[in-house]
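[1] how would this look folded up:
(2 chains)
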Amino acid sequence: MSAPAIIAIAIAGVLIGVAAGYWLPPHGRRNRKAAPTAVRRILLPFTGQAISRRSFEAAVRLAKAENAVIMPAFLASVPMNLPLDTALPAQCGRGMPLLEAIEQRATVQGVPVDSRVSRGRSSRDALRKLIEQEHFDRIIVSADEDPHSGLSYEDLRWMLERVPAEIMILRPAPEDTRRISLEAVGGHF
Amino acid sequence: MDTEAATGSQPAAGASGGSSRGRLKLFIGMAAGVGKTYQMLLEGHAEQEGGRDVVIGFLETHGRAETARLAEGLPIIPRRRVSYRETVIEEMDLPGVLQRSPELCLIDELAHTNAPGVEHVKRYEDVEDVLAAGIDVLSTVNVQHLESLNDQVTELSGIRVRETIPDAVVARADEVVLVDLTPEALLDRLRAGKVYPRERIDAALNNFFRIENLAALREVALRQVAEEVGAKRRPAEVISSREESLTEGTPQAIGERLLALVEPYPGTQRLVRRAWRSAQRLNADLDLLWVRKPGQRLDEDNERSLSALRQLAAILGAKMYEEEADDVAAAVADFATRQGTTYILLGRSRPARGVARFRTPLPQRLMARLPGVDVRIVADRAVRANGEARISVPGIT
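    Presented below is the predicted three-dimensional model:
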């Protein structure tokens, strides 16, 4: 083989390599069809330092089955003596680690998470504002009327009347004492 | 006391431009009997004397003689009679108002729920139609009818108000006027029979009209109107603070100041939470910066993520900024210098493609441009947590 032919082959090889490098992502070709198309959204609202583990597990199960995104939402209440747009570091000090813990646990199980925070004069008001801004396909809440979960029976009734989404209310059960709390956050946070 | 809530805006009356949307002026009070309707009528008369075509679209006197007397001289559009379950209910005649097309229409009790069978469920929706027809409107509402305050008012007073209006209705009003009265003065009016008929006074005093209720409601009303004023004033404040930042020059770092580099993707929230925790530990301010490419357009998901990011920043007390630049490192370095940033946090970069792979990674470029500023790459804890999927985890029961 002549020298020009070898050079031409080498140049062609380099060009092919560059083109492949440009078009392919670094860790190999990914099957675009396998990427999740979009997607149902499952809202998991909470107000306190813990959420019912049953609610979380139900959300994960459904998210896996429906190719859905879990949206844990921390609902903060602004005291009446503060403006509605005030920052709430004390409440966030409880809510953020729990959001982190939920996100970690869900991600470990292969479920995508897109967190939200919302504030209002009450938990219900915060939820109302969130629902006005976002679309959800399902909302999962536990009917244990635990003050830590923050939503009362009255709130659940309000949701059933007013929220344009499928609402899954988990009936009270003995395992409702099982919770995921902010201590569950992994690593340095 | 009659406090003008809006600043710098023209009064609703006299501002009608003819074909454009009408202006809404809202009289808000802590409870029935403070004089909202009275104030509205007084203003209606003043406008009429000023030569405007003023009509009463709907007036609820609640049997108060002085209110009824004050309405004299103002043309009234007759109410419409609606039959519902063998009862005849009188409602505002919305088609009649639109046909009459006055310059200014007085419509009492904005939160009222209409009888079934008329155009809209709620009166504020009727008012929207009137405004859309270019007619100015004066209206009244009590603070407990605001949707966001409804729960609190229930907690304060023990009485749940069923008729509510979205806060956005008040936010859209061109003017909000607080009609204020001390609780003591309102109770005097109540006892004198100026609010309710004699036979209802005792019941009112024993239920809603207790001085502690009224004091709390007054505070709620004052705060609500103050917030409206704040919301209307904010754009001017933003401009002036920007001007200040331009004239002040580069601020010097006194303590720690953190900067988190964000993008409108769901995963960014984790970075923000971690940055906030670090800021808390360091007792430092936190800025969030998104450097967007010139002309970059966001799809619906990105817009949603951006909105969620802004909401998160607001609730955490962080300040979020957006800058448009081609060179992210230069833009960040410039911003960090201006802000006096001491600590930059960023997430793991998404895998580079094409020639971008040969470029020096962003953290290194930042370190080169910002000597003395710490740069921290926030780990993706989910990856590490994968190894922690064990039975016993603290915080999970």
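[2] Tell me which residues touch the residue lying closest to residue A:114 once chain neighbours are set aside, please.
    Leaving aside its chain neighbours, residue A:114 sits nearest to residue B:266 (3.9 Å; criterion: Cβ to Cβ, 6 or more residues apart in numbering or on different chains). All C-beta spots, glycine's among them, are computed from the backbone N, C-alpha and C. Going by Cβ atoms under 8 Å, 6 or more residues apart in numbering or on different chains, residue B:266 touches A:69, A:112, A:113, A:114, A:115, B:305.
[3] mind listing the helices for chain B?
    B:36-49, B:65-71, B:94-100, B:123-132, B:150-157, B:167-172, B:183-191, B:198-206, B:211-248, B:268-282, B:300-316, B:328-339, B:362-369, B:381-385 (DSSP state H).
[4] Export those as JSON lines, with columns for mean pLDDT, mean neighbour count and distance to chain A.
    Listed next are the helices of chain B as JSON lines, based on pLDDT from 0 to 100; neighbours: other Cβ atoms under 10 Å in any protein chain shown; distance: least, Cβ to the nearest Cβ, whole Å:
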{"stretch": "helix B:36-49", "mean pLDDT": "93", "mean neighbour count": "20", "distance to chain A": "22"}
{"stretch": "helix B:65-71", "mean pLDDT": "88", "mean neighbour count": "15", "distance to chain A": "31"}
{"stretch": "helix B:94-100", "mean pLDDT": "94", "mean neighbour count": "17", "distance to chain A": "25"}
{"stretch": "helix B:123-132", "mean pLDDT": "94", "mean neighbour count": "20", "distance to chain A": "16"}
{"stretch": "helix B:150-157", "mean pLDDT": "69", "mean neighbour count": "20", "distance to chain A": "4"}
{"stretch": "helix B:167-172", "mean pLDDT": "82", "mean neighbour count": "18", "distance to chain A": "9"}
{"stretch": "helix B:183-191", "mean pLDDT": "86", "mean neighbour count": "17", "distance to chain A": "17"}
{"stretch": "helix B:198-206", "mean pLDDT": "78", "mean neighbour count": "12", "distance to chain A": "24"}
{"stretch": "helix B:211-248", "mean pLDDT": "59", "mean neighbour count": "15", "distance to chain A": "6"}
{"stretch": "helix B:268-282", "mean pLDDT": "87", "mean neighbour count": "21", "distance to chain A": "5"}
{"stretch": "helix B:300-316", "mean pLDDT": "90", "mean neighbour count": "19", "distance to chain A": "5"}
{"stretch": "helix B:328-339", "mean pLDDT": "91", "mean neighbour count": "18", "distance to chain A": "18"}
{"stretch": "helix B:362-369", "mean pLDDT": "88", "mean neighbour count": "16", "distance to chain A": "16"}
{"stretch": "helix B:381-385", "mean pLDDT": "51", "mean neighbour count": "17", "distance to chain A": "4"}
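[5] In strands only, show me the contacts of residue B:266.
    In this view, the contacts of residue B:266 that belong to strands under DSSP state E are residue A:69.
[6] Top of the contacts of residue B:266 by number of neighbours, please.
    residue A:115 (25 neighbours; other Cβ atoms under 10 Å in any protein chain shown).
[7] where does that residue fall, phi/psi-wise?
    Main-chain torsions, residue A:115, degrees, to the nearest 10: phi -80, psi 160.
[8] pretty sure residue B:154 is in contact with residue B:161, am I right?
    Yes: between residue B:154 and residue B:161 there is a contact under Cβ atoms under 8 Å: 7.5 Å.
[9] For the closest residue in space to residue B:285 that isn't next to it in sequence, the count of nearby residues, please.
    In space, and not counting its chain neighbours, residue B:285 is closest to residue B:257: 5.2 Å by Cβ to Cβ, 6+ apart. For residue B:257, the tally of surrounding residues (other Cβ under 10 Å) stands at 20.
[10] Check the one 4 residues further on too.
    Summarising burial for residue B:261: neighbours were counted as other Cβ under 10 Å, giving 26.
[11] now residue A:143
    With other Cβ under 10 Å as criterion, residue A:143 counts 17.
[12] same question, residue B:33
    There are 24 residues near residue B:33, going by other Cβ under 10 Å.
[13] quick revisit: I figured the residue nearest to residue B:285 hits residue B:338, correct?
    No: Residue B:257 is beyond contact range of residue B:338, at 10.9 Å (criterion: Cβ under 8 Å).
[14] List every C-alpha atom in stretch B:53-72, with coordinates, as CSV.
    Only the C-alpha atoms of stretch B:53-72 are listed here, as CSV (Å, rounded to 0.1, in the frame of the first residue of the first chain):
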residue,chain,number,x,y,z
ASP,B,53,-72.3,58.6,35.3
VAL,B,54,-72.5,56.5,38.5
VAL,B,55,-75.0,53.7,39.3
ILE,B,56,-75.5,51.2,42.0
GLY,B,57,-75.3,47.7,40.6
PHE,B,58,-76.0,46.0,43.9
LEU,B,59,-76.3,47.4,47.4
GLU,B,60,-76.8,45.5,50.6
THR,B,61,-77.9,47.8,53.4
HIS,B,62,-78.5,45.1,55.9
GLY,B,63,-81.4,47.2,57.1
ARG,B,64,-79.1,50.1,58.1
ALA,B,65,-81.1,53.3,57.8
GLU,B,66,-78.1,55.6,57.4
THR,B,67,-76.7,53.4,54.6
ALA,B,68,-80.0,53.4,52.9
ARG,B,69,-80.3,57.2,53.2
LEU,B,70,-76.8,57.6,51.7
ALA,B,71,-77.8,55.6,48.7
GLU,B,72,-80.5,58.2,47.8
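[15] give the contact list for whichever residue of the stretch 1-150 of chain B sits closest to chain A.
    Nearest residue of the stretch 1-150 of chain B to chain A, counting by Cβ to the nearest Cβ: residue B:148, 4.8 Å away. Contacts for residue B:148 (Cβ under 8 Å, 6+ apart) come out as A:84, A:120, A:121, A:125, A:128, A:129, B:167.
[16] In strands, which of these appear?
    residue A:120.
[17] And the contacts of residue B:148, which two are furthest apart?
    Based on Cβ to Cβ, the longest span within the contacts of residue B:148 runs between A:84 and A:128 and measures 12.9 Å.
[18] what touches both of these two?
    A:120, B:148.
[19] more crowded one of those two?
    residue A:128 (25 against 19).
[20] residue contacts, the closest residue to residue A:135 other than its chain neighbours?
    What sits nearest to residue A:135 in space, not counting adjacent residues and going by Cβ to Cβ, 6+ apart, is residue A:41, at 6.8 Å. Contacts for residue A:41 (Cβ under 8 Å, 6+ apart) come out as A:68, A:69, A:71, A:114, A:134, A:135, A:136, A:137, A:138.
[21] make it 6 Å
    A:69, A:71, A:136, A:137 (Cβ atoms under 6 Å, 6 or more residues apart in numbering or on different chains).
[22] Helix, strand, or coil at it?
    Look at residue A:41: counting by DSSP: H, G, I helix; E, B strand; the rest coil, its state is strand.
[23] And it, how far from residue B:319?
    Counting by Cβ to Cβ, to the nearest Å, the gap from residue A:41 to residue B:319 is 28 Å.
[24] swap in residue B:190?
    From residue B:190 to residue B:319 the distance is 47 Å (Cβ to Cβ).
[25] Quick one: neighbours of residue 55, just the number.
    You didn't say which chain, so I picked chain A. Using other Cβ under 10 Å: residue A:55 sits among 25 other residues.
[26] try chain B instead
    If we define neighbours as other Cβ under 10 Å, then residue B:55 has 21 of them.
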